[in-house]
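Asker: Kindly generate the corresponding structure for this input.
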Amino acid sequence: QMAQFSQLEQLKNMSSSLDTSTQVNYLMGQTIANTMATTLIGKTVIADGSNINLTGGDSTKLSYNLGAAAANVTIKILNADGASVRTGTQKNQAAGNNSYTWDGHDDNGNLLADGAYTYEVTASTAAGETVTASNRVIGVVDSVKYQDGAAYLIVGGYKVDLSTIIEIVNGGNQSYQGNG
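Answerer: Next up, the predicted model:
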């Protein structure tokens with residue numbers, strides 16, 4: 001019975017050591033990710049994202065990626081309530097990264113209030129077949145923000161989660177082409 005008690009105590013100690021080791025590994029991983037995030041400052045990143053920050057009525061470039069060439073592309077701008085406020089169209093767009101410039105006005109030509117908006121992109125071929133379209137953030141990393149134990153890249157004033165990054169381009173010589 002004493003041997004069983006001793007084995008039970010050893011198992012308990014092993015479990016406690018494993019828990020501590022797991023926590024240390026998690027913290028180490030987080031520290032490494034946070035440190036690595038700072039090396040992205042000044043580099044251009046491409047990430048998934050669909051947020052727009054309208055400020056002072058300035059035009060904003062929205063980026064998207066097409067899986068194939070598209071004859072028709074529709075870009076819907078949505079307000080914070082999810083209501084469509086502007087619909088734009090483009091013709092004959094190539095596969096890959098593309099952009100659309102929104103002037104900050106609604107469909108009636110009224111300048112919209114500053115604030116957060118989102119956008120949706122749909123695309124089709126001349127035959128009407130759907131083309132895969134994905135919203136993108138393309139821009140230079142301005143800084144890194146630490147929030148709730150995680151690191152976020154700040155690109156064009158928006159937080160970009162590290163898990164949404166698709167590509168990192170060495171150097172920051174590309175112009176800002178989207179919002180995240």
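
Asker: Please list all residues in contact with Asn65.
Answerer: Gly96, Asn97, Asn98, Ala133, Ser134, Arg136 (C-beta atoms under 8 Å, 6 or more residues apart in numbering). Glycine gets a C-beta too; all of them are placed from N, C-alpha and C.

Asker: Check Ser124 too.
Answerer: Ala70, Ala71, Asn72, Thr130, Val131.

Asker: Am I right that the third one is in contact with Val121?
Answerer: No. Distance between Asn72 and Val121: 11.2 Å, which falls outside the contact criterion (C-beta atoms under 8 Å).

Asker: The two: which has the busier surroundings?
Answerer: Legend: neighbour count by other C-beta atoms under 10 Å for Asn72 and Val121, higher for Val121 (26 against 16).

Asker: so which strand or helix has that one?
Answerer: For Val121, the host element (DSSP states H and E) is strand 115-124.

Asker: Neighbouring strands - and their directions - for whichever helix or strand comes after that strand?
Answerer: Counting by DSSP H and E, the element after strand 115-124 in chain order, helix or strand, is strand 130-131. Strand pairing for strand 130-131, using DSSP bridges, gives strand 115-124 (antiparallel).

Asker: List the buried residues in the strand it pairs with.
Answerer: By 16 or more other C-beta atoms under 10 Å, the buried positions in strand 115-124 come out as Tyr117, Thr118, Tyr119, Val121, Ala123.

Asker: Identify the residue nearest the first one in space, chain neighbours excluded?
Answerer: This means Tyr117. Sequence neighbours aside, Ile52 is the residue nearest to Tyr117 in space, at 4.3 Å (criterion: C-beta to C-beta, 6 or more residues apart in numbering).

Asker: Count the residues that sit near the one you found.
Answerer: Other residues near Ile52 number 24, with proximity taken as other C-beta under 10 Å.

Asker: quick one: contacts for it?
Answerer: For Ile52, the contact set (C-beta under 8 Å, 6+ apart) comprises Thr60, Leu62, Ile77, Trp102, Ala116, Tyr117, Thr118, Tyr119, Asn179.

Asker: which of those residues has the weakest pLDDT?
Answerer: The member of the contacts of Ile52 with the lowest pLDDT is Asn179, at 38.

Asker: All set now, cheers.
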